[in-house]
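# the following comprises the amino acid sequence and a computationally predicted model.
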Amino acid sequence: KIQFNNKSTADLNCMIGYRIDGATDEQFVKLHQQVEGSDEKIWRLVLTEVNTIAQCVASQFDPSEVIGGEKFPDFVKALASAVMHNEILLKQGIDVDVFKVDGKPDPDPDTKKQFAEQREAALAKELAKSQVKKLEAETERERAEAARKTEHEKIEAQALMAKEKLDYERQKQNEVIAAQKKLELAQIAK
């Protein structure tokens with residue numbers, strides 16, 4: 001079990017190999033006195049130290065980055081460098097010479113729930129961005145339509161004003177012609 005910097009926990013499967021054949025005679029005697037010749041007790045010593053190291057390393061990482069995969073290689077590298085040939089165990093005559101991580105950490109139920117909520121929040125954020133872009137495009141389309149409509153109305157108004165001006169000039173011209181005819185008829189009648 002490891003605990004990350006936000007106090008969430010996960011299970012991490014590892015393969016650990018150690019040797020005691022490189023111990024000095026003094027280390028070998030002390031180790032066997034401590035464990036009373038039991039391989040199981042040596043294994044518990046190794047496991048206790050590895051668990052302590054794993055806690056220290058995991059507490060420096062954010063679980064979403066490790067379990068999510070972005071920082072998983074960095075996490076494994078930090079963990080392996082802290083476990084392999086560990087000084088505390090070497091002083092006891094135990095040399096950890098094999099350390100492999102079997103897959104990403106399996107988070108606890110609370111952490112899984114937290115990841116699910118983070119994923120939902122990220123999806124909601126992306127959906128909101130998409131909706132904002134769609135709204136911006138719709139607003140731009142409406143502006144273009146309004147500008148086109150305004151331009152069309154402006155052209156229609158100019159055409160109507162030109163027609164009214166032409167009609168007014170024709171009416172004036174017709175009045176002038178009618179007045180000239182009246183004048184001509186009056187002169188003929190005299």
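Thanks, I have it. Residues are numbered from 1 along each chain as shown.

# quick one: contacts of stretch 65-81?
For stretch 65-81, the surrounding residues in contact (Cβ atoms under 8 Å, 6 or more residues apart in numbering) are 4, 10, 53-54, 57-58, 60-62, 99, 101, 104-105, 107, 111, 115. Every C-beta, even on glycine, is put in place using the N, C-alpha and C of the backbone.

# flag every buried residue along that stretch.
66-67, 71-72, 75-76, 78-80 (16 or more other Cβ atoms under 10 Å).

# which residues of the chain fall in strands?
Secondary structure of the chain by DSSP state E: the strands cover 2-3, 9-11, 14-19, 95-101, 106-107.

# select, out of the ones you listed, the one closest to E49.
With Cβ to Cβ as the criterion, E49 lies closest to strand 95-101 of these, at 8.3 Å.

# quick one: mean pLDDT for that closest one?
Averaging pLDDT along strand 95-101 gives 91.

# do the same with stretch 137-147
91.

# show residues contacting it.
Outside stretch 137-147, not one residue touches it by Cβ under 8 Å, 6+ apart.

# give me the most central residue, the protein.
For the chain, A122 is the residue whose C-alpha lies nearest the centre (Cα atoms, centre = their mean; 6.2 Å).

# just the buried positions in stretch 47-54, please.
Judged by neighbour count using 16+ other Cβ under 10 Å, the buried positions of stretch 47-54 are 49-50, 53-54.

# what lies in contact with the helix or strand bottoming out on mean pLDDT in the chain?
Sorted by mean pLDDT, DSSP states H and E, the helices and strands of the chain end with strand 106-107, the least confident at a mean of 74. Surrounding strand 106-107, the residues in contact under the criterion Cβ under 8 Å, 6+ apart are 8-13, 63, 67, 115.

# right, and out of those residues, which lies closest to R19?
Nearest to R19, judged by Cβ to Cβ, of those is N13 at 21.6 Å.

# got the CA positions of stretch 134-141 in PDB?
Output of stretch 134-141 as PDB, limited to C-alpha atoms (Å, rounded to 0.1, in the frame of the first residue of the first chain):
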ATOM      1  CA  LYS A 134     -20.600  27.100 -31.000                       C
ATOM      2  CA  LEU A 135     -22.200  30.100 -29.400                       C
ATOM      3  CA  GLU A 136     -19.500  32.400 -30.700                       C
ATOM      4  CA  ALA A 137     -19.900  31.000 -34.200                       C
ATOM      5  CA  GLU A 138     -23.700  31.500 -34.000                       C
ATOM      6  CA  THR A 139     -23.200  35.000 -32.700                       C
ATOM      7  CA  GLU A 140     -20.900  35.800 -35.600                       C
ATOM      8  CA  ARG A 141     -23.400  34.300 -38.100                       C
END
